[in-house]
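S.K.: Mind folding the following:
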Amino acid sequence: MSSQPSKDLQSFPNPHPERDYCIHMDLPEFTCLCPVTGQPDFAHFLLDFIPDQRCVELKSLKLYLWSYRNEGGFHEAMTNRIADDLIALLAPRYLRLLGRWYVRGGITTDVLVEERQAGWSNPSILAQLPPVTWSAQRPG
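M.R.: Residues are numbered from 1 along each chain as shown. Model (predicted):
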């Protein structure tokens, strides 16, 4: 596998598709460019998903996130685009992506995307997900 940025997200078969379980990922090093000024924007993403048939391969996810380094995009668009790509790849039972964008002009932005398969529900596992905390408490 390459060590260059790549949009080629990859997956592998879920080793336990019969079970609902949550995968939590802390992705603290996202960078892209402000589409207005061209200056760098930084975000810390928190990803939680309950896989169905596929799981995301970690190195491909790292290279995928790195591929945004020289792209411009608004916080809302970037967060939703990443969520859309993960949903298209994985078709998870549930997915939540929180984009915690670092301060720009004295303002921090959090963008939360949530998606679940039609008809899927497991309140007990959803209650176990790490809580979403907003801008007052930045991660890491």
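
S.K.: can you tell me which residues contact G38?
M.R.: Each residue near G38 by Cβ atoms under 8 Å, 6 or more residues apart in numbering is listed here: G72. In this view, the C-beta of every residue, glycine as well, is placed from N, C-alpha and C.

S.K.: quick one, phi/psi of it?
M.R.: For G38, the backbone dihedrals (degrees, to the nearest 10) come out as phi 80, psi 0.

S.K.: Tell me where the protein has strands.
M.R.: Taking DSSP state E, the strands of the chain run over residues 11-13, 23-33, 40-50, 54-56, 94-104, 107-116.

S.K.: and R69, which of the ones you listed is closest to it?
M.R.: Set against R69 and scored by Cβ to Cβ, the strands of the chain come closest in strand 23-33, at 5.1 Å.

S.K.: Please compute how far that closest one lies from its chain's middle.
M.R.: Mean C-alpha position of strand 23-33 versus that of the full chain (Cα atoms, centre = their mean, to the nearest Å) differs by 7 Å.

S.K.: so E57 sits right up against Q10, yeah?
M.R.: Yes. Counting by Cβ atoms under 8 Å, Q10 is a contact partner of E57 at 4.3 Å.

S.K.: Need the strands of the chain in a markdown table (columns: mean neighbour count and mean pLDDT).
M.R.: Compiled in a markdown table, the strands of the chain are given as follows (neighbours: other Cβ atoms under 10 Å; pLDDT from 0 to 100):
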| stretch | mean neighbour count | mean pLDDT |
| --- | --- | --- |
| strand 11-13 | 13 | 98 |
| strand 23-33 | 15 | 96 |
| strand 40-50 | 20 | 96 |
| strand 54-56 | 19 | 98 |
| strand 94-104 | 20 | 95 |
| strand 107-116 | 15 | 95 |
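
S.K.: TSV for the ones you listed, including distance to Q4?
M.R.: Listed next are those as TSV, based on distance: least, Cβ to Cβ, whole Å:
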stretch	distance to Q4
strand 11-13	20
strand 23-33	16
strand 40-50	19
strand 54-56	19
strand 94-104	24
strand 107-116	27
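
S.K.: N70: which of these is closest?
M.R.: Nearest of the strands of the chain to N70, taken as Cβ to Cβ: strand 23-33 at 6.5 Å.
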